[in-house]
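In: Predicted model, plus sequence, below.
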Amino acid sequence: MKTRLSPFASVAAMALLSLAGPPAAAAAPDSAGERCESAVAETVRRMRGPRAQEVQFVGAKRAVSPSGDDEIGVKGEGRYSGPNSGTTSFAYSCAFNPKTGGTSGVLFRDTGTPQSADAAWQPDLTHLAPRECESAAAAALKDKYPRVGHIAFDPATRQLRPAPNDHTSLEGGGAVVRAPGMNAVPFSYRCEVETRSGRIVGVQTTDRGAR
């Protein structure tokens, strides 16, 4: 014996089906974009290593469209960067299967020259004291040459650069008389400073003249 639905029940069932369909279909492009960008980010990090510790995508550049049977194609743009490598732009493409939730055909290519990390970096000078760095460099030279005669620093050679662990590196040069009666020879120094406190965590000096 067949059970017949009343006209009201039939209309209600059709209404529910019609309401259930569009949200699932509308969600597919969003899922495609998110899943593909996740797969692309993983690929970029694997291929570029430390240069791609951070991967970002440009949402306005994402394009989603049908691609063959049961697949949605996703194309877009992004950028990746590392602590000492600057920022590089890239373009990508990927395919998403809404039935399986899987991605395939992940491709990306760099589209721009990396921007210098030094150029984008802005030094924090709040606690930086160049004279303290130069005093530390002078002490290192005196340890190296106990009979040192004279040490002179050239302020015009001072340069600030980013250093690992959010530190700041002060680099410069000068001249040193390694012992009385000897000629002055040029040297360079590098002083690493803890940016937040100004504490000197390391200093190096390198002679640039013949012994």
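Out: Received, thanks.
In: So in the protein, where's the weakest helix or strand by average pLDDT?
Out: Here the helix or strand of the chain ranked lowest by mean pLDDT, DSSP states H and E is helix 117-120, holding a mean of 54.
In: Tell me which helix or strand comes right after that one, heading toward the C-terminus.
Out: Scanning forward in sequence from helix 117-120 by DSSP states H and E, the next helix or strand is helix 130-144.
In: This protein: strands as residue ranges?
Out: 54-57, 63-66, 72-82, 86-97, 102-110, 150-163, 167-177, 185-193, 200-207 (DSSP state E).
In: is it possible to export those to a markdown table including distance to Cys133 and mean neighbour count?
Out: Backbone N, C-alpha and C define where each C-beta goes, glycine included. Shown next, in a markdown table, are the strands of the chain (distance: least, Cβ to Cβ, whole Å; neighbours: other Cβ atoms under 10 Å):
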| stretch | distance to Cys133 | mean neighbour count |
| --- | --- | --- |
| strand 54-57 | 30 | 16 |
| strand 63-66 | 51 | 13 |
| strand 72-82 | 26 | 20 |
| strand 86-97 | 25 | 20 |
| strand 102-110 | 37 | 15 |
| strand 150-163 | 9 | 14 |
| strand 167-177 | 5 | 20 |
| strand 185-193 | 4 | 20 |
| strand 200-207 | 6 | 15 |
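In: Pipe these into JSON lines and attach mean pLDDT per row.
Out: JSON lines is the format used below for the strands of the chain (pLDDT from 0 to 100):
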{"stretch": "strand 54-57", "mean pLDDT": "93"}
{"stretch": "strand 63-66", "mean pLDDT": "89"}
{"stretch": "strand 72-82", "mean pLDDT": "91"}
{"stretch": "strand 86-97", "mean pLDDT": "90"}
{"stretch": "strand 102-110", "mean pLDDT": "89"}
{"stretch": "strand 150-163", "mean pLDDT": "88"}
{"stretch": "strand 167-177", "mean pLDDT": "92"}
{"stretch": "strand 185-193", "mean pLDDT": "94"}
{"stretch": "strand 200-207", "mean pLDDT": "93"}
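In: can I get the ones you listed in JSON lines with distance to His127?
Out: Formatted as JSON lines, the strands of the chain follow (distance: least, Cβ to Cβ, whole Å):
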{"stretch": "strand 54-57", "distance to His127": "26"}
{"stretch": "strand 63-66", "distance to His127": "47"}
{"stretch": "strand 72-82", "distance to His127": "26"}
{"stretch": "strand 86-97", "distance to His127": "26"}
{"stretch": "strand 102-110", "distance to His127": "37"}
{"stretch": "strand 150-163", "distance to His127": "13"}
{"stretch": "strand 167-177", "distance to His127": "9"}
{"stretch": "strand 185-193", "distance to His127": "8"}
{"stretch": "strand 200-207", "distance to His127": "11"}
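In: Where do the domain boundaries of this protein fall?
Out: 22-116, 130-207 (automatic domain parsing).
In: so who does the residue nearest the centre of the chain touch?
Out: With distances taken as Cα atoms, centre = their mean, Ser81 lies nearest the centre of the chain, 2.5 Å away. Shown in contact with Ser81 (Cβ atoms under 8 Å, 6 or more residues apart in numbering): 51-54, 87-88, 117.
In: mind giving me JSON lines with those residues and columns for distance to Pro155?
Out: Output for those, formatted as JSON lines (distance: Cβ to Cβ, whole Å):
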{"residue": "Arg51", "distance to Pro155": "34"}
{"residue": "Ala52", "distance to Pro155": "38"}
{"residue": "Gln53", "distance to Pro155": "35"}
{"residue": "Glu54", "distance to Pro155": "36"}
{"residue": "Thr87", "distance to Pro155": "32"}
{"residue": "Thr88", "distance to Pro155": "35"}
{"residue": "Ala117", "distance to Pro155": "25"}
